[in-house]
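**Student:** Okay, sequence plus prediction incoming.
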Amino acid sequence: MLEDHFCIYTNDCFSEDSLQYYPPTPEALSKDEFRNYFRQLSSFFDTTLLDKGFNGGILIAKNGSVIYEKYAGYANLRSKDSVTANTSMHIASTTKTFTGIAILRLIQEQKLSLNDSINKFFPGFPYAGITVKMLLNHRSGLPNYLYFMSNNKWGMDEKGKWNKQFARNEDVVQMMMDKIPDPTGRADGRFNYCNTNYVLLAMIVEKITGQTFPAYMQQKFFAPLQMKNTYVFTLKDTLTATPSYTANGTYWDFDFLDATYGDKNIYSTPQDLLKWDQALYTDQVLSPALLDSAFTSYSHEKPSIHNYGLGWRLQLLPNDKKVIYHFGKWHGFNAAFARLTDEKATIIILGNKFTRSIYSAAHLCYDIFGDYQQQKVSAEDDAENTQPSKNEAPANPKKKNIITPTKTKTKK
């Protein structure tokens with residue numbers, strides 16, 4: 001069996017051979033099929049992104065074979081370094097797909113259960129009745145740390161300016177213990193997308209494995225899958241990480257929320273994300289049953305084609321088509337990652353100069369491969385996390401101290 005040759009399961013295997021992952025063999029497309037897709041995709045992206053000052057990378061694949069790949073603009077607008085296939089960009093909340101699979105791996109290894117109370121890992125945690133599963137599918141009812149950290153003036157000096165301290169995952173938990181911010185609802189009451197959930201999940205990975213989340217992800221996933229340009233950002237990367245920019249080209253500075261991970265902070269490339277996509281078509285990363293659970297919808301409080309699995313967004317269309325995806329936004333970075341499993345098509349778009357056009361382009365691209373009805377579908381889940389709510393506004397990236405107690409940036 002294939003698993004007999006695959007050593008992602010144990011740490012011992014990594015020290016002996018970290019190259020034991022065998023990706024699925026790409027299925028060759030006929031010349032006519034390839035040319036047809038390439039013509040459609042070239043025409044589509046020329047008019048939706050490339051002629052609008054797009055800065056980033058696009059990769060579209062079918063059956064694991066790349067049928068369209070394009071890099072445009074600059075990785076750094078100041079030095080005019082061009083975006084290339086090796087330019088790692090912040091994938092924002094697309095990070096949640098990795099965190100979710102990492103948790104499910106630990107469940108497969110019987111080190112964790114979906115029904116474990118999070119109080120098992122955070123003794124004295126002041127919110128009751130929350131399980132690991134509720135963190136994964138955003139049904140915890142917890143408050144979003146992106147807002148309560150700002151509202152409680154974390155990292156602010158007496159003059160209301162950022163004191164250059166960076167909040168870490170542990171600081172998020174400590175503020176929840178100290179301040180007990182109001183929950184958004186009762187545990188398992190309803191779906192409410194919340195980045196705090198995935199900050200806690202990354203910490204659970206650390207508590208179980210005894211490794212930092214960045215080190216664990218590198219050892220367990222990025223290295224075996226040969227994702228050579230993928231890493232979890234930490235503060236040591238501030239001088240080398242690809243920067244991001246506003247829509248008009250203004251540099252987007254770091255702020256005090258840039259050191260938390262699990263919900264965000266993975267940098268990657270389109271080529272590496274294709275490797276991630278292809279690995280999920282095998283049983284080497286996760287068993288089929290657990291993977292199916294990740295792609296199952298768990299929230300039906302209101303009629304909608306939009307839903308959420310365990311670390312993955314879902315579109316469940318009336319014609320039984322299904323999109324498994326996750327988009328992301330952080331600072332000037334925009335990320336779109338979608339899997340059309342009926343056609344085995346993969347849509348990956350990463351950018352570092354802010355534009356919401358990436359999301360609409362990704363959605364509309366689905367229809368090149370099948371009847372995904374995207375002209376009729378509202379992007380309510382995407383808008384939910386790229387637009388500020390009535391209680392918040394995006395920070396001004398032109399200012400040196402860009403976080404204030406009442407302003408913060410939103411993230412998908």
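**Tutor:** Structure received. Numbers count the residues shown, from 1 in each chain.

**Student:** Show me what the longest helix seen in the chain is in contact with.
**Tutor:** The longest helix of the chain (DSSP state H) is helix 31-48. Contact partners of helix 31-48, identified using Cβ atoms under 8 Å, 6 or more residues apart in numbering, comprise 29, 58, 60, 62, 65, 67-68, 70, 357, 360-361, 364-365, 368. C-betas here are computed from N, CA, C, even on glycine.

**Student:** Name the residues of it that are buried.
**Tutor:** Neighbour counts over helix 31-48 (16 or more other Cβ atoms under 10 Å) mark Phe34, Tyr37, Gln40, Leu41, Phe44, Phe45, Thr48 as buried.

**Student:** Can you add distance to Asn229 and give those residues back as JSON lines?
**Tutor:** JSON lines is the format used below for these (distance: Cβ to Cβ, whole Å):
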{"residue": "Phe34", "distance to Asn229": "26"}
{"residue": "Tyr37", "distance to Asn229": "25"}
{"residue": "Gln40", "distance to Asn229": "28"}
{"residue": "Leu41", "distance to Asn229": "23"}
{"residue": "Phe44", "distance to Asn229": "26"}
{"residue": "Phe45", "distance to Asn229": "22"}
{"residue": "Thr48", "distance to Asn229": "25"}
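
**Student:** Tabulate those in CSV, adding columns for pLDDT.
**Tutor:** Formatted as CSV, these follow (pLDDT from 0 to 100):
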residue, pLDDT
Phe34, 96
Tyr37, 97
Gln40, 98
Leu41, 98
Phe44, 98
Phe45, 98
Thr48, 95
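
**Student:** Return the closest of those with respect to Pro183.
**Tutor:** Closest approach to Pro183 among those (Cβ to Cβ): Thr48, at 39.8 Å.

**Student:** do you know how far the closest one is from Ser113?
**Tutor:** 44 Å (Cβ to Cβ, to the nearest Å).

**Student:** The contacts of helix 31-48: which two are farthest apart?
**Tutor:** Maximum pairwise distance among these (Cβ to Cβ): 27.6 Å, between Leu29 and Ser357.

**Student:** Show me where the chain has its strands.
**Tutor:** Per DSSP state E, the chain carries strands over the ranges 56-62, 65-72, 74-76, 81-82, 89-90, 231-232, 244-245, 251-252, 266-268, 306-308, 313-316, 322-330, 333-340, 345-351.

**Student:** Reformat those strands into JSON lines and put mean pLDDT and distance to Phe121 next to each item.
**Tutor:** Shown next, in JSON lines, are the strands of the chain (pLDDT from 0 to 100; distance: least, Cβ to Cβ, whole Å):
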{"stretch": "strand 56-62", "mean pLDDT": "98", "distance to Phe121": "37"}
{"stretch": "strand 65-72", "mean pLDDT": "98", "distance to Phe121": "41"}
{"stretch": "strand 74-76", "mean pLDDT": "96", "distance to Phe121": "38"}
{"stretch": "strand 81-82", "mean pLDDT": "96", "distance to Phe121": "42"}
{"stretch": "strand 89-90", "mean pLDDT": "98", "distance to Phe121": "27"}
{"stretch": "strand 231-232", "mean pLDDT": "98", "distance to Phe121": "20"}
{"stretch": "strand 244-245", "mean pLDDT": "98", "distance to Phe121": "33"}
{"stretch": "strand 251-252", "mean pLDDT": "97", "distance to Phe121": "33"}
{"stretch": "strand 266-268", "mean pLDDT": "98", "distance to Phe121": "22"}
{"stretch": "strand 306-308", "mean pLDDT": "97", "distance to Phe121": "22"}
{"stretch": "strand 313-316", "mean pLDDT": "98", "distance to Phe121": "26"}
{"stretch": "strand 322-330", "mean pLDDT": "97", "distance to Phe121": "24"}
{"stretch": "strand 333-340", "mean pLDDT": "98", "distance to Phe121": "28"}
{"stretch": "strand 345-351", "mean pLDDT": "98", "distance to Phe121": "32"}
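
**Student:** could you redo these as TSV and give each row distance to Lys120 and mean neighbour count?
**Tutor:** Output for these, formatted as TSV (distance: least, Cβ to Cβ, whole Å; neighbours: other Cβ atoms under 10 Å):
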stretch	distance to Lys120	mean neighbour count
strand 56-62	40	24
strand 65-72	44	18
strand 74-76	43	19
strand 81-82	46	12
strand 89-90	31	27
strand 231-232	24	21
strand 244-245	37	22
strand 251-252	38	18
strand 266-268	26	25
strand 306-308	24	20
strand 313-316	28	20
strand 322-330	27	23
strand 333-340	31	26
strand 345-351	36	26
